[in-house]
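1. what's the 3D shape of this:
(one chain, ligands or ions: 1)
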Amino acid sequence: MKERVFSGIQPTGEMHIGNYFGAVVNYVRLQEQHDCIYSIVDYHAITVEHDPKFLPAKVLSMAADLLACGIDPKRAILFVQSHVPEHTELAWIFNCLTSFGDLGRMTQFKDKSEQQEFVSAGLFDYPVLQAADILLYRASKVPVGEDQLQHLELARRIARRFNGRFGEFFPEVEPILSEAPRLMSPADPGQKMSKSLGDKHYIGVMEPEASIREKIKTAVTDVGPRGEQMSPGVANLFLILKLSADSKLYAELEQAYQAGTLRYVRLKEAVAESLLGMLRPLQARRRELEKDLGSVRLVLEDGASRAREIAQQNMKEIRRLMGVGPESLKA
Ligand code: TYM
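-> Residues are numbered from 1 along each chain as shown. Next up is the predicted model:
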């Protein structure tokens, strides 16, 4: 049996290159050999304040971005989390198997709750829903960035607790990290690239060329004199170069850096050119999809019905093991 892969991405409206290099490249790579399920997690997005007027467009836009990046609906299932209600049903069951203390230790909750005036119970419970997302499909491989490792560890704990108490059902969840598990903000390389920090802290995969060039041009490199170690800003630029340029160019600039002859203007130009060269075909595909959002809707519809089939089957067994649901009363 092929191992099952699951991952989720929030419908933030726009994918950034941290999402792309940290997770999406692996989504695409894994579809070659595995049974892959990818979800746009709108129930995670509503754990903080959101505007219902814009959410559907953001969901659709993220779906189009994923398709443009190479998700192939013939090989992988792509669907929207809220279209498969079993996610929330399993989340409730998992709530009863998760300790309050474990949730309180989640660093992402601590960070995110500080940014909110109103801290919802949903935000606190977010990692439990994430565990349900993965385990509903009995997935064992989860491509993510480093910021999700603690959540996956919790999913493992929940699965073990379930298996121990109600019978072996869930597999061990294992993260799959890319070469860039934590891409940093160009404007503040001490922080990870993220949309919530503001516009200058991320580079959108579908962003116009001029603004990508500008963000790379103004990216922070060395602050103060050059030390022994490569500064985080320079290391981040080299990482983007490694991921998008041919290895010859990367090696050449790396050597120049070691020799102390590299001018950062040259490095930045190379990063901008390589990155744009890589993004252009994705952006072209995305423009085509924009003209045909009806077909994107169909992909999501079909994805939800395929996901639902697996979810319903597994949920039936989970209810049976737990002693709940209408089947449990049948003689
Ligand atoms: P989200 O939507 O914040 O991010 C989607 C994916 O992108 C990765 N990522 C990064 N990787 C490297 N460098 C960065 N700067 C960077 N920023 C984001 C994230 O690690 C993630 O893999 N809770 C999840 C969504 C989710 C999920 C799931 C993931 C819900 N259910 C089940 C896996 C399995 C999240 O908010 O990701």
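
2. state which helix of this structure is the longest.
-> Looking across the chain with DSSP state H, the single longest helix is helix 293-322.

3. any buried residues in that helix, and which?
-> 296, 299-300, 303-304, 306-308, 310-311, 314-315, 318-319, 321-322 (16 or more other CB atoms under 10 Å). For glycine as for every other residue, the C-beta is placed from the backbone atoms N, C-alpha and C.

4. now stretch 28-46
-> For stretch 28-46, a neighbour-count test (16+ other CB under 10 Å) marks 28, 30-31, 34-45 as buried.

5. which one of these is nearest the ligand?
-> residue 41 (4.2 Å; CB to the nearest ligand atom).

6. so where's the protein shaky on pLDDT?
-> Applying pLDDT under 70 to the chain flags the ranges 1, 223-225.

7. which residues of the stretch 101-250 of the chain lie near the ligand?
-> By CB under 6 Å from any ligand atom, the part of the stretch 101-250 of the chain that sits against the ligand consists of 130, 133-134, 142, 144-145, 147-148, 180-183, 192-194.

8. quick one, which of those residues are buried?
-> 130, 133-134, 142, 144-145, 147-148, 180-181, 183, 192-194.

9. would TSV of those with secondary structure and distance to residue 99 be doable?
-> What follows is those, written out as TSV (DSSP: H, G, I helix; E, B strand; the rest coil; distance: CB to CB, whole Å):
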residue	secondary structure	distance to residue 99
130	helix	16
133	helix	20
134	helix	19
142	strand	22
144	coil	23
145	coil	25
147	helix	22
148	helix	20
180	coil	33
181	coil	27
183	coil	32
192	strand	27
193	coil	32
194	coil	28
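
10. who touches residue 18 in this structure?
-> Residue 18 sits next to 145, 180, 183, 192, 193, 194, 202 when contact means CB atoms under 8 Å, 6 or more residues apart in numbering.

11. pretty sure residue 58 belongs to a strand, no?
-> No - looking at residue 58 with DSSP: H, G, I helix; E, B strand; the rest coil, it is helix, so not inside a strand.

12. residues in contact with it?
-> Contacts of residue 58 by CB under 8 Å, 6+ apart are 11, 12, 13, 45.

13. now the second one: how far from residue 58?
-> Between residue 12 and residue 58 the distance is 7 Å, computed by CB to CB, to the nearest Å.

14. what touches both of the two?
-> With CB under 8 Å, 6+ apart, residue 12 and residue 58 have common neighbours residue 45.

15. and the contacts of residue 58 as TSV, adding secondary structure and distance to the ligand?
-> Listed next are these as TSV, based on DSSP: H, G, I helix; E, B strand; the rest coil; distance: CB to the nearest ligand atom, whole Å:
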residue	secondary structure	distance to the ligand
11	coil	8
12	coil	6
13	coil	11
45	helix	8
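
16. show me the two of the residues you listed that sit farthest apart.
-> 13 and 45 (9.8 Å; CB to CB).

17. rewinding a little: mind putting the contacts of residue 18 into a markdown table with distance to residue 82?
-> What follows is those, written out as a markdown table (distance: CB to CB, whole Å):
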| residue | distance to residue 82 |
| --- | --- |
| 145 | 23 |
| 180 | 29 |
| 183 | 28 |
| 192 | 27 |
| 193 | 27 |
| 194 | 23 |
| 202 | 25 |
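
18. between those, which is closest to the ligand?
-> Nearest to the ligand among the contacts of residue 18, with distances taken as CB to the nearest ligand atom, is residue 145, at 2.3 Å.

19. hmm, the closest one is touching residue 184, no?
-> No - Residue 145 lies out of contact with residue 184 (CB atoms under 8 Å); the separation is 11.6 Å.

20. circling back to that earlier point, which elements pack onto the longest helix of the chain?
-> strand 35-40, helix 55-69, strand 76-80, helix 86-95 (3 or more CB pairs under 8 Å, 6 or more residues apart in numbering; DSSP states H and E).

21. and of these, who's closest to the ligand?
-> strand 35-40 (6.7 Å).

22. what's the closest residue to residue 80 other than its chain neighbours in contact with, if anything?
-> Nearest non-adjacent residue to residue 80, counting by CB to CB, 6 or more residues apart in numbering: residue 40, 5.0 Å away. For residue 40, the contact set (CB under 8 Å, 6+ apart) comprises 8-11, 59, 62-63, 66, 78-81, 300.
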